[in-house]
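Q: generate a structure from the sequence data that follows.
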Amino acid sequence: MAMFRFFTKYVPATMVAGSLLLSVAAMPTHANAQTVCGKRDDIIKQLKVKYGETRRTMGVQQGRGVVEMYASAETGSWTILVTDPRGMTCLMAAGEAFEADAVAEVDTPT
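A: Numbers count the residues shown, from 1 in each chain. Below you'll find the model as predicted:
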């Protein structure tokens, strides 16, 4: 948990979401696991209604689409979505214990 707090304080939120997505992509998948995909508006509506999640951050993954993180400060649930260039949205990761910390800017190397 201390490592998570370090990163959320010192790394921009889009980088945190991107690194989470990369770590999920590198994880082995269960044989019966399926990725849930659908229309973006439908998925976002379900995240709001069922879990109280709203968008917290987003970024563009070059050539692959838009990465967004939705979360609820009340329930602690979070979800990472990727929308590809064709408009298909897929849930890539979800979890609990979301914390919203202030994010400090990263210094530009000289």
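Q: how far away is R64 from T83?
A: Distance, R64 to T83, by C-beta to C-beta, to the nearest Å: 10 Å. Backbone N, C-alpha and C define where each C-beta goes, glycine included.
Q: same drill for those two, tell me which one is more crowded.
A: T83 (19 against 12; other C-beta atoms under 10 Å).
Q: quick check: bridge partners of the more buried one?
A: V66, T89 (DSSP bridges).
Q: does E53 really touch I80, like I thought?
A: No: in this structure E53 lies outside contact range of I80 using C-beta atoms under 8 Å: 10.9 Å.
Q: shared neighbours, the two?
A: Y70 (C-beta atoms under 8 Å, 6 or more residues apart in numbering).
Q: and the host helix or strand of M69, which residues are buried?
A: Element membership of M69 [criterion: DSSP states H and E] is strand 65-71. Across strand 65-71, burial judged by 16 or more other C-beta atoms under 10 Å covers 65, 67-71.
Q: what stretches of the protein score poorly on pLDDT?
A: Applying pLDDT under 70 to the chain picks out residues 1-34, 102-110.
Q: what are the boundaries of the strands in it?
A: For the chain, applying DSSP state E gives strands covering 36-39, 54-61, 65-71, 78-83, 88-95.
Q: so which of these comes closest to K48?
A: strand 54-61 (6.7 Å; C-beta to C-beta).
Q: that closest one - contacts with which helices or strands?
A: helix 13-26, strand 65-71 (3 or more C-beta pairs under 8 Å, 6 or more residues apart in numbering; DSSP states H and E).
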